[in-house]
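In: fold the following for me, if possible:
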Amino acid sequence: MADSQNTMHALTNSSLSWLCRSHAVEQHAIQSEIKTLVIIANYACDFLTEGLQALPEDFFTCIEEMKEVMESIDLRSLDFEKRVITLKRTKRRLEAKASLQNRNKEIPE
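Out: Okay, here's the model as predicted:
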């Protein structure tokens, strides 16, 4: 019985560790995409000069690229929020299990 509890504890710690790593990776990816968006926006600004009669094609290309990056950020942020909820639930579940196990250890047989 103790072996199965140790195995279960290792599995839950492993899944929590994976969730934490996954969460950090997703956060980094969102930050990276926001930086990309800023870079593209700066390029788009460079095409806006005083006295310009018509916008060059490159400006519109930048706008399209920004739309794609923003859509990707939107999708990633939804996944990020799901991971946050999953991470919170997993931590609460593990805390509840640990609390229950501590109470069971305190009860003399």
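In: show me which helix runs longest in this protein.
Out: Identified as the longest helix of the chain according to DSSP state H is helix 57-106.
In: how far does that helix sit from the chain's center?
Out: How far helix 57-106 lies from its chain's middle: 4 Å, per C-alpha atoms, centre = their mean, to the nearest Å.
In: residues in contact with residue 41?
Out: 62, 66 (C-beta atoms under 8 Å, 6 or more residues apart in numbering). Any C-beta I mention is one placed from the backbone N, CA and C, and that applies to glycine too.
In: and with 10 Å instead?
Out: Each residue near residue 41 by C-beta atoms under 10 Å, 6 or more residues apart in numbering is listed here: 62, 63, 65, 66, 69.
In: now list the buried members of these.
Out: By neighbour count, with 16 or more other C-beta atoms under 10 Å, these hold 62, 65, 66, 69 as buried.
In: which helix or strand contains the closest residue to the last one other than its chain neighbours?
Out: Beyond its immediate neighbours in the sequence, the residue positioned closest to residue 69 (C-beta to C-beta, 6 or more residues apart in numbering) is residue 37, lying 4.7 Å away. Secondary-structure element containing residue 37, defined by DSSP states H and E: helix 2-46.
In: now that helix: mean pLDDT?
Out: With pLDDT averaged residue by residue, helix 2-46 scores 81.
In: buried ones in stretch 55-75?
Out: 59, 62, 65, 66, 69, 73.
In: then stretch 30-48?
Out: Neighbour-count burial for stretch 30-48 [16+ other C-beta under 10 Å]: 30, 33, 37, 40, 44, 47.
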